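Colleague: From the sequence below, what's the structure:
(chains A and B)
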There are 2 protein chains.
Amino acid sequence: MGPAATADFLSKLTKVTAVECDQDHLASVVCCFPDIPDRTEAILSNGPSPLPFMLRSLALLKRSGANRVVIPCNTAHHWFDELQRETDVPIIHIVDAVQHALAARGVQDCVGLLATSATVRSGIYTRRLEQYGTHCISPSDDEQACVMNVIRAIKAGRGHDRMVSQSICSVVGALVGRGARTVILACTELPLVMQSDDQILLDSTEALACECLRTSRNQLR
Amino acid sequence: MGPAATADFLSKLTKVTAVECDQDHLASVVCCFPDIPDRTEAILSNGPSPLPFMLRSLALLKRSGANRVVIPCNTAHHWFDELQRETDVPIIHIVDAVQHALAARGVQDCVGLLATSATVRSGIYTRRLEQYGTHCISPSDDEQACVMNVIRAIKAGRGHDRMVSQSICSVVGALVGRGARTVILACTELPLVMQSDDQILLDSTEALACECLRTSRNQLR
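Modeller: Reported below is the predicted structural model:
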């Protein structure tokens, strides 16, 4: 969805793959149509739906021979069931990928969410992680407004301003203070400016890349 | 061709585009089929030709609605004329992109080449840049063997070893010592471990991304 986040996913897919030469990598076809309506606007403000655009991409991916699909945009998973219903190609759910990464770290009880307001409000993470017994802590309204400012700044190419890193760090601190053992970068724009550190932060883009590898014949690095 | 180089191109395409939101970015479809036969083997050792695989990708890109094509692999430009002959979609030649970047820097006389042995031997750069009055200096046989070792190390995920950066620096030094005013990273694997610095090094991947923007309605950052 976000082109920089899409490039980041492709880059992480190559980084997590154990290879000796090009030919050891997974094949992929990437559809990056940035003119798709904003996902957050569609969910929160009744803006135009991105679903028809996603269905067009899904059809193109199927025609190109893809045998599974990933969507490196958390908010777009609001339409996951409608997309999966339209195709027999399995779509890997990003929250399942994150849950596997959490399990690998031994964290199952309580996590914090850094995500778009639409991802938070539509319960994409909350509902799916609760099925695994994991409780999600969301930012307060003020903290969430700050997260959205950061996401918009990253999308506009201003993600490396000091203001951005300072304000997101204070939200991470607040979530940990309220009991989060891991804070999920649950918007794929955030890992563009924040490093997953195997301690507090968990990168949903990297989790999706690992899950993609795990479901293939290729080896994780 | 190399999946990490492809991801790097997509990332640079987003970075050089002046945007305020996702919707300002170029749309793209990326075909990344790493099982394509090695380009260097095909040119230097009569290995299997990658051309039929590239033609398959080209057909897929045309069907997806692409109105121009870029190939973020310098060596693959050995087959440029055969590819362009098969489609009415314009393919942007990476050496033309590099030439525009050289002209923007005011360098037109003498450049050094860091490339695969196949790119060097097949004269992809030498012939095309001489049309613009630019002379190319290639590494000696020993230096070229070193460049190939570095490219293989990068493809195998060992590009950040100290040995790699040291050995490539000495080749850069040798080319500058023989009169190169700019050294072109003319293999898209090299920018994965070397930063273009606007002084000596010129990144062919970034030049291709800029050229892609220049031929579109979108604005360069």
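Colleague: And A:Ser28, how far from chain B?
Modeller: 5 Å (Cβ to the nearest Cβ, to the nearest Å). Using the backbone N, CA and C atoms, a C-beta is placed for each residue, glycine as well.
Colleague: what's the answer for A:Leu201, then?
Modeller: According to Cβ to the nearest Cβ, A:Leu201 stands 21 Å off from chain B.
Colleague: Need the pLDDT of the residue nearest to A:Ile154 when sequence neighbours are not counted.
Modeller: The spatially closest residue to A:Ile154, leaving aside those adjacent along the chain, is A:Glu189, at 4.5 Å (Cβ to Cβ, 6 or more residues apart in numbering or on different chains). A:Glu189 is assigned 94 on the pLDDT scale.
Colleague: For burial, what's the neighbour tally of A:Val16?
Modeller: 19 (other Cβ atoms under 10 Å in any protein chain shown).
Colleague: From A:Asp197, how far out is it?
Modeller: 16 Å (Cβ to Cβ, to the nearest Å).
Colleague: one step back: please verify my assumption that the residue nearest to A:Ile154 contacts A:Ala153.
Modeller: No - between A:Glu189 and A:Ala153 there is no contact under Cβ atoms under 8 Å: 9.3 Å.
Colleague: Show me which of the two is the more surrounded one.
Modeller: Per other Cβ under 10 Å, whichever of A:Glu189 and A:Ala153 has more neighbours is A:Glu189, with 25 against 19.
Colleague: Determine the number of other residues adjacent to A:Lys15.
Modeller: 15.
Colleague: can you list residues touching both of A:Glu189 and A:Ala153?
Modeller: A:Gly159 (Cβ atoms under 8 Å, 6 or more residues apart in numbering or on different chains).
Colleague: interface residues of chain A facing chain B?
Modeller: A:1-4, A:6-8, A:10-11, A:13-15, A:18-36, A:38, A:60, A:63-64, A:152, A:155-157, A:221 (Cβ under 8 Å from any Cβ of the partner chain).
Colleague: Is it possible to mark the buried ones in those?
Modeller: Neighbour counting over those (16 or more other Cβ atoms under 10 Å in any protein chain shown) leaves A:1-4, A:6-8, A:10-11, A:13-14, A:19, A:22, A:24-34, A:36, A:38, A:60, A:64, A:152, A:155, A:157 as the buried ones.
Colleague: Just give me the neighbour total for A:Ile154.
Modeller: A:Ile154 - counted by other Cβ under 10 Å - has 25 other residues nearby.
Colleague: ranges for the strands of chain A?
Modeller: A:28-32, A:110-114, A:135-137, A:182-185, A:201-203 (DSSP state E).
Colleague: Let's have those in JSON lines, adding distance to A:Asp161.
Modeller: Shown next, in JSON lines, are the strands of chain A (distance: least, Cβ to Cβ, whole Å):
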{"stretch": "strand A:28-32", "distance to A:Asp161": "25"}
{"stretch": "strand A:110-114", "distance to A:Asp161": "17"}
{"stretch": "strand A:135-137", "distance to A:Asp161": "26"}
{"stretch": "strand A:182-185", "distance to A:Asp161": "18"}
{"stretch": "strand A:201-203", "distance to A:Asp161": "19"}
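Colleague: Just say which of those is most tucked in.
Modeller: strand A:182-185 (a mean of 26; mean count of other Cβ atoms under 10 Å in any protein chain shown).
Colleague: and of the strands of chain A, who's closest to B:Ser216?
Modeller: strand A:28-32 (14.1 Å; Cβ to Cβ).
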